[in-house]
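1. this is the structure alone, sequence omitted:
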């Protein structure tokens, strides 16, 4: 009977490990091969776990595994095909031999029908061998099966350990992840608590800082109010002292004048008596001379009513001067002007500075007329384009300062041109209050850097409108030959040989007073208004103390209050309200008692506006156009 060559239906070599279950190995070669397999399994493992040997390998089988009692018998699977002669031989041999049977069921045999041996496949059977050779072959085959089974057991145990280690490692990884998440959650809660603590501490700190700032602001406001109250008390005390000194001076002058008049009258009486004595002596001597003396006495008596036509204040001066016309006019000018002494001194000082600069620049204007005209045009262009926006006001002020300080033209001439163009552009009655408030801001920004420009500007305002002093000139037929001369003296313009109308004059007066009122109330952070609310308060006091109530003064007062009343009320509060009550009780009453020429439709309109302004408390409302806009309205269309 020949041997059968069995081949596995699987790869013969995987990762360097031979899968042939029946190699022709010696025992030492087998042990060496097993060590190699262990090393390759260790190196090929993903976890690289060591393969520990807990007990020495004992691969030598017991004697009963080599052979049974005396004989053995090979068993071939029933699935194999044998010839009839082989079956008969097996039956014969079965009775001759009894032994252990080999089972090939444990070997890996593919069930895939595609790989089955064909029916007609040639079987290679072993030739008949001897008993020793057959026993050796059987023993070798059994040993190979034992080794294969041992290898499978080792691999199974290793796989089981490997799976266990993987599960253990996965469990440890899961525990680590869980611990990490718990730690992260704990840290997140700790961070959240820490941030909340920091936020609370910061909020408490900011609250304390804000409370401190409010407290400091309140203290500062209180200090400012106290300083203002002290300054107001000092001003009032100073004003009372000045008024008292002024009254005493007036009283002393009046007494001196009365004494002078009495002395002059006594002198005149003594001279008259002396003259009468002389006349009597002459009458005794010469009759003709007596008649002449009588005629002279009659002439003297006819001159007495002419003396009595003059006021009491001018009687002594007229008698002393012998009716000199020039001195009479000078005295009338002084008596016809109503103004505070301090206001007149300030006006005089400003006009002196103005006239000095004007004289200095006459030669410059004559030598460089073209440059002067170009500079005036630049000033006029910049002032005309002022608008009620923050950026425009700042830009125009910077450009005007740079133009005044420009070395191309003398600074004195530039300052004069600046003052003239500002007043000229604000005289126009069509200008809105927004333009006037913006222009006053530009003036403050420019004059805070160039103080001389403010003196020239105020001199220009006083020259154009005497009510900005404040000052008033009464009409006198002795001083003014015609009504036109008086109108020119109070500020009327002559256009083409004709005096402008009263309506035009009142409109210009309103525009100038609105500019002045806007100027005194302008306050800009970081910049000093050299003619601020203190000067506005002084102007109002001088106005009510010195000026009479008529159409011009009423218009000036109305426009000044409409522009600066809000700021004056915020600064002086009760004192300002007291002045308004004085205006309502005294000024408006005197205006009502004026003559028929001044009580006209325009006067009634102005009086109604003043009454409405006081009674409706319009001074507590912010005037329209006071606040600047952030941008031009025209920018919204682009």
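-> That came in fine, so what should we check first? Owing to the predicted nature of the structure, the values given are computational and were not obtained by experimental measurement.
2. drop to CA atoms for contacts and neighbour counts, all remaining ones
-> Will do.
3. quick one, strands of this protein?
-> For the chain, the strands defined by DSSP state E cover 13-14, 17-18, 337-339, 471-473, 494-495, 498-499.
4. just those: most buried one?
-> Burial of those is given as mean neighbour count (mean count of other CA atoms under 10 Å); strand 471-473 ranks first at a mean of 21.
5. partner strands of that one, parallel or antiparallel?
-> strand 337-339 (antiparallel) (DSSP bridges).
6. in a markdown table: the strands of the chain, plus mean pLDDT and distance to residue 534.
-> Shown next, in a markdown table, are these (pLDDT from 0 to 100; distance: least, CA to CA, whole Å):
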| stretch | mean pLDDT | distance to residue 534 |
| --- | --- | --- |
| strand 13-14 | 60 | 109 |
| strand 17-18 | 56 | 112 |
| strand 337-339 | 88 | 18 |
| strand 471-473 | 92 | 18 |
| strand 494-495 | 86 | 35 |
| strand 498-499 | 88 | 36 |
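7. let me know the pLDDT of the closest residue to residue 610 other than its chain neighbours.
-> Leaving aside its sequence neighbours, residue 610 sits nearest to residue 558 (CA to CA, 6 or more residues apart in numbering; 6.1 Å). Looking at residue 558, its pLDDT reads 95.
8. going forward, the N-terminal residue is numbered 24.
-> Okay, using 24 as the starting number, the last item reads as residue 581.
9. so what's residue 581 up against?
-> Residue 581 makes contact with 629, 632-633, according to CA atoms under 8 Å, 6 or more residues apart in numbering.
10. which one of those is nearest to residue 508?
-> Distance ranking of the contacts of residue 581 against residue 508, using CA to CA, places residue 629 first at 25.9 Å.
11. how much space between the closest one and residue 530?
-> 12 Å (CA to CA, to the nearest Å).
12. the two - which one has more neighbours?
-> Taking neighbours as other CA atoms under 10 Å, residue 629 and residue 530 compare with residue 629 leading, 19 against 16.
13. how near is the more buried one to residue 531?
-> Relative to residue 531, residue 629 is positioned 15 Å away (CA to CA).
14. equivalent analysis for residue 542, please.
-> From residue 542 across to residue 531, the span is 17 Å (CA to CA).
15. where does residue 108 land on pLDDT?
-> Note for residue 108: predicted pLDDT of 48.
16. go on, residue 437?
-> pLDDT for residue 437: 90.
17. that one: neighbour count?
-> Neighbours of residue 437 under the rule other CA under 10 Å: 23.
18. for it, give me its contacts.
-> Residues in contact with residue 437 (CA under 8 Å, 6+ apart) are 398-399, 426-427.
19. between those, which has the most around it?
-> Greatest neighbour count in those, by other CA under 10 Å, goes to residue 427: 25 neighbours.
20. you'd agree it is up against residue 438?
-> Yes - under the criterion of CA atoms under 8 Å, residue 427 makes contact with residue 438 at 6.4 Å.
21. would you map out the domains in this protein?
-> According to automatic domain parsing, the chain comprises the domains 24-240, 356-656.
22. most packed of those?
-> Greatest average neighbour count among the domains of the chain goes to domain 356-656 (a mean of 17), per mean count of other CA under 10 Å.
23. make a markdown table from the contacts of residue 437 and add pLDDT to it.
-> A markdown table is the format used below for the contacts of residue 437 (pLDDT from 0 to 100):
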| residue | pLDDT |
| --- | --- |
| 398 | 80 |
| 399 | 80 |
| 426 | 92 |
| 427 | 91 |
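24. from the residues you listed, pick the one nearest residue 593.
-> When the contacts of residue 437 are ranked by distance to residue 593 (CA to CA), residue 427 comes first, at 34.4 Å.
25. which residues are in contact with that closest one?
-> 434, 437-438, 441.
26. where does the protein have low pLDDT?
-> Residue ranges of the chain with pLDDT under 70: 24-49, 67-152, 284-285, 287-358, 386-395, 452, 615-623, 653-661.
27. rerun that using 50 as the cut-off
-> 24-27, 70-111, 113-148, 312-357, 619, 621-622, 654-661 (pLDDT under 50).
28. longest helix of it?
-> The single longest helix within the chain, with elements called by DSSP state H, is helix 154-308.
29. quick one: contacts of stretch 200-220?
-> Outside stretch 200-220, not one residue touches it by CA under 8 Å, 6+ apart.
30. let's have the domains of the chain in CSV, adding distance to residue 262.
-> Formatted as CSV, the entries for those read as follows, by distance: least, CA to CA, whole Å:
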stretch, distance to residue 262
domain 24-240, 32
domain 356-656, 10
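31. residue 450 against residue 531, yeah?
-> Yes - the criterion here is CA under 8 Å, and residue 450 meets it with residue 531 at 5.4 Å.
32. now the helices for the stretch 424-573 of the chain?
-> 434-449, 456-472, 474-487, 506-512, 525-544, 556-569 (DSSP state H, counting those that start in this stretch).
33. want to throw those helices into CSV with distance to residue 643?
-> Below are the helices of the stretch 424-573 of the chain laid out as CSV (distance: least, CA to CA, whole Å):
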stretch, distance to residue 643
helix 434-449, 26
helix 456-472, 17
helix 474-487, 28
helix 506-512, 36
helix 525-544, 14
helix 556-569, 16
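34. which one of those helices lies closest to residue 369?
-> Closest of those to residue 369 is helix 474-487, at 9.3 Å (criterion: CA to CA).
35. please report the distance of residue 400 from residue 465.
-> Counting by CA to CA, the gap from residue 400 to residue 465 is 18 Å.
36. should've said residue 514
-> Counting by CA to CA, the gap from residue 514 to residue 465 is 26 Å.
37. ditto for residue 373
-> Distance check for residue 373 against residue 465: by CA to CA, it reads 21 Å.
38. coming back round to it: possible to save the strands of the chain as CSV with distance to residue 469?
-> Putting the strands of the chain into CSV (distance: least, CA to CA, whole Å) gives the following:
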stretch, distance to residue 469
strand 36-37, 99
strand 40-41, 102
strand 360-362, 30
strand 494-496, 27
strand 517-518, 32
strand 521-522, 35
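39. relative to residue 65, which of those strands is closest?
-> Among the strands of the chain, strand 40-41 sits nearest to residue 65 (CA to CA), with 13.0 Å.
40. list the contacts of the spatially closest residue to residue 589 that is not a sequence neighbour.
-> Among residues not flanking residue 589 along the chain, residue 642 sits closest, at 4.7 Å (CA to CA, 6+ apart). Taking CA under 8 Å, 6+ apart as the criterion, residue 642 is in contact with 584-585, 588-589, 592, 636.
41. cool, and residue 599?
-> Residue 599 sits in contact with 591-592, where contact means CA under 8 Å, 6+ apart.
42. returning to that earlier point: just the ones in helices from the contacts of residue 642, please.
-> Short answer: the contacts of residue 642 in helices (DSSP H) are 584-585, 588-589, 592, 636.
43. which of the residues you listed sit farthest apart?
-> Greatest spatial distance in the ones in helices among the contacts of residue 642: 592 and 636, 13.0 Å, computed using CA to CA.
44. close enough to count as contact, residue 646 and residue 584?
-> No - contact criterion CA under 8 Å: residue 646 and residue 584 do not qualify, at 10.5 Å.
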